[in-house]
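Enquirer: My questions are about this predicted structure, shown below with the sequence.
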2 protein chains.
Amino acid sequence: MPEIRQNLATKEWVVISTERAKRPEDFKVEKEKKVLSEKSDKCPFCPGNEHMTPYESFVINDENNKWKIRVVPNKYPAVIPEGTVQYKMEGIKRTVSGVGIAEVIIESAIHNQIIPLMPEKDVQQIVYTYKERYQAAEKDKRVKMIIVFKNYGEAAGASIEHPHSQLIAIPVVPFHIRYRIEEAMRYYDETGECVFCKILNEELKSAERIVVETGSFVTFVPYAALSPFHMWILPRRHMESFSDINENEISDLAKNLKLTLSKLYYGLNNPDFNFVIRSVPVNEKGREYYHWYITIMPRLIKTAGFEIGTAMSINSSFPENDAKFLREIKVR
Amino acid sequence: MPEIRQNLATKEWVVISTERAKRPEDFKVEKEKKVLSEKSDKCPFCPGNEHMTPYESFVINDENNKWKIRVVPNKYPAVIPEGTVQYKMEGIKRTVSGVGIAEVIIESAIHNQIIPLMPEKDVQQIVYTYKERYQAAEKDKRVKMIIVFKNYGEAAGASIEHPHSQLIAIPVVPFHIRYRIEEAMRYYDETGECVFCKILNEELKSAERIVVETGSFVTFVPYAALSPFHMWILPRRHMESFSDINENEISDLAKNLKLTLSKLYYGLNNPDFNFVIRSVPVNEKGREYYHWYITIMPRLIKTAGFEIGTAMSINSSFPENDAKFLREIKVR
């Protein structure tokens, strides 16, 4: 019988489908990705083409004074940096001005570089850059919420091949985030515990959905995973904001992220994916009941009318099987 | 400057992007759809292949006693018909048994038929069938929520080409639906009005986002449309459940739906889309503050990390432009 599972923290429901069940190996990507060269003349993120992007807001250079990581304002930003936050309400028309920050983090000077194949030290610099830019965005008084994310591959909405991630800082807290915080607060009020710490402890105890364990972070397929190979990377230390990650944790997250993404890369043949750092709204640090984490969503299936109508998901793969499959993948 | 708009009823936020703005005609589908024949030997929904589907639960025949519409249990159902609803909670593991109804509504015996090209009378029979099956599902005491939807085209998650829609009845009310109801209730308590009636009245008054008006239904692009050409079809009469649609309204909805989908078909060159009938949970009829409607989502863009992280959307087309463009499309 299919099981409808609920995530204890987010309250999201997912149908774990027995009638459409597939094996983890059925999700291996068959279509080969286009082979990319190390450099592309037309790529706005490649060295030599710096004039094709706005001026950088942050840069990390190598020992020869050439850039390794560049952060630039998004040329086609969702929200723009100039202006003040103004709310308008006229009848049914409710708007807030679209001001904020939209940055692109160019992760490497090499056009075809990817995290699974990068030296761990380079991944550390990417994570360090995420923190640096997150903290810079926090200082902007207009910003209520900061999202750091990566779109990898066409199915994940990436329009440029060169390795990059993004930061978007917006002047509102979406109601969806509010509801998560409210649920976490309710759990805390009822039990005295952070619901994410609770989940982490139980996952470690049962071990059946664990994918990667490093010193400060744990990767697992959530009990109510929304789609095949959906994963969470949780810091072991209780922290509500990504902004509070320390130096050791940056190194360890780099190690974990590289290993987790490598397992996807080798195990499923380089699938498209998104990852998102989910952190507390910027003005609400110090909440004992919230916990930041990274969600990774490989884009292996299509959503349809049922998902639109219910905001539930249908997962045709068993979280336990997905985790076991990835645990056993040897990373070269 | 980009505008962040909020839907008054659902509280969903969308960034109406000025920096990535496109014109409505930019969304025309360029890739030609595969040309289908009237009949396909391998199609499980074609006449002659009835043995390839489970036995029908409902059928409408033509004057020669051949079926025109067939409703069959889904061969790969998300939820299954046998069993009782059982809740289990063990630590972080929360589940409900996946029982309920999953039906496929085969809309025509003709393999390549589509609503825009169908006689209006045939569309009436489809809408009639939706109501009949909705009411049948309501009688199942295990069912809390019924979703009727259509996936059209690969990008919309359709795996079979033959024209069909689906009904799924589930034993839980997803929290996402709860929140919508709660918001509608709050608005009602504060103003004495149904928020959907309010929106409908204001849309009719301003007229700038209206696409199609028929006797009992109005199609418009919502002020905070989540994506290009996102539309709502609202009944003019205040009704919280699709189950309460009357005979005149069935005819009028068929007229409206055919016209609305025809405008998409001719205007955007046959795009993939989903539509969903959003109705109140089955045991909660009689709520004065809720209003059923149809949401239509053409699948013209890809969602990415920002959408996953915020549950907000980025719409690179102006709702007012989309509505004007569709209003002006002549339907042959």
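Expert: All right, it came through fine. Numbering: from 1, shown residues only, chains lettered A, B, ... in the order given.
Enquirer: Write out the residues of the stretch 201-332 of chain A neighbouring chain B.
Expert: In this structure, the stretch 201-332 of chain A approaches chain B at residues A:202-203, A:223-224, A:274-278, A:295, A:297, A:302-306, A:308-312, A:314, judged by CB under 8 Å from any CB of the partner chain. Backbone N, C-alpha and C define where each C-beta goes, glycine included.
Enquirer: just checking, next helix/strand downstream of the lengthiest helix in chain A?
Expert: Longest helix in chain A by number of residues (criterion: DSSP state H): helix A:247-267. Toward the C-terminal end, the helix or strand that comes next after helix A:247-267 (DSSP states H and E) is strand A:273-278.
Enquirer: List the strands paired with the strand or helix carrying A:E103, with their directions.
Expert: Secondary structure assignment for A:E103, by DSSP H and E: strand A:101-106. Strand A:101-106 pairs in its sheet with strand A:67-73 (antiparallel), strand A:164-170 (antiparallel), by DSSP bridges.
Enquirer: so for that strand, what's the average pLDDT?
Expert: The average pLDDT within strand A:101-106 is 98.
Enquirer: buried residues in that strand?
Expert: A:I101, A:A102, A:E103, A:V104, A:I105, A:I106 (16 or more other CB atoms under 10 Å in any protein chain shown).
Enquirer: Which residue ranges of the stretch 201-332 of chain A form helices?
Expert: If DSSP state H, counting those that start in this stretch is used as the criterion, the helices of the stretch 201-332 of chain A fall at A:247-267, A:305-310, A:319-328.
Enquirer: just checking, what packs against the shortest one?
Expert: Put plainly, it is helix A:305-310. Identification of packing neighbours for helix A:305-310 by 3 or more CB pairs under 8 Å, 6 or more residues apart in numbering or on different chains; DSSP states H and E yields strand A:313-315, strand B:145-152, strand B:164-170, strand B:273-278.
Enquirer: What residues are bridge-paired with the residue lying closest to A:I101 once chain neighbours are set aside?
Expert: Closest residue to A:I101 in three dimensions, ignoring its sequence neighbours and counting by CB to CB, 6 or more residues apart in numbering or on different chains: A:A169, at 4.0 Å. Counting by DSSP bridges, A:A169 is bridged to A:I101, A:I146.
Enquirer: Would you check that my belief about A:A169 contacting A:A136 is correct?
Expert: No: shown here, A:A169 and A:A136 do not form a contact pair, counting by CB atoms under 8 Å, at 9.3 Å.
Enquirer: Show me which of the two is the more surrounded one.
Expert: A:A169 (25 against 17; other CB atoms under 10 Å in any protein chain shown).
Enquirer: ok so, going back, measure the residue nearest to A:I101 to chain B for me?
Expert: For A:A169, the distance to chain B (CB to the nearest CB, to the nearest Å) stands at 11 Å.
Enquirer: now do A:I105
Expert: Here the distance between A:I105 and chain B works out to 12 Å (CB to the nearest CB).
Enquirer: now swap in A:G153 and tell me
Expert: A:G153 is 10 Å from chain B, where distance means CB to the nearest CB.
Enquirer: Ok, A:S251 next?
Expert: For A:S251, the distance to chain B equals 24 Å [CB to the nearest CB].
Enquirer: likewise A:C197?
Expert: To chain B, A:C197 is 11 Å away according to CB to the nearest CB.
Enquirer: And that residue, what's its pLDDT?
Expert: Per-residue confidence at A:C197 stands at 97 (pLDDT).
Enquirer: Spit out the contact partners of the residue lying closest to it once chain neighbours are set aside.
Expert: When the adjacent residues along the chain are set aside, A:C197 lies closest to A:H238, with 5.5 Å between them (CB to CB, 6+ apart). A:H238 sits next to A:C194, A:F196, A:C197, A:E288, A:H291 when contact means CB atoms under 8 Å, 6 or more residues apart in numbering or on different chains.
Enquirer: Quick check, the fourth one in contact with A:D189.
Expert: Which is A:E288. No: using CB under 8 Å as the test, A:E288 is too far from A:D189 to be in contact (10.6 Å).
Enquirer: who's more crowded, those two?
Expert: With neighbours defined as other CB under 10 Å, A:E288 and A:D189 compare such that A:E288 has more, 13 against 9.
Enquirer: okay, the more buried one: pLDDT?
Expert: The predicted local confidence for A:E288 comes out at a pLDDT of 87.
Enquirer: One more: A:E19?
Expert: Per-residue confidence for A:E19 comes out at a pLDDT of 81.
Enquirer: just A:R332 next, same as before
Expert: A:R332 is assigned 74 on the pLDDT scale.
Enquirer: leaving aside the residues next to it on the chain, what's closest to it?
Expert: On the basis of CB to CB, 6+ apart, the spatially nearest residue to A:R332 that is not a chain neighbour turns out to be A:Y266, at 6.9 Å.
Enquirer: And for the one you found, the neighbour number?
Expert: As a measure of burial, A:Y266 has 15 neighbours, counting by other CB under 10 Å.
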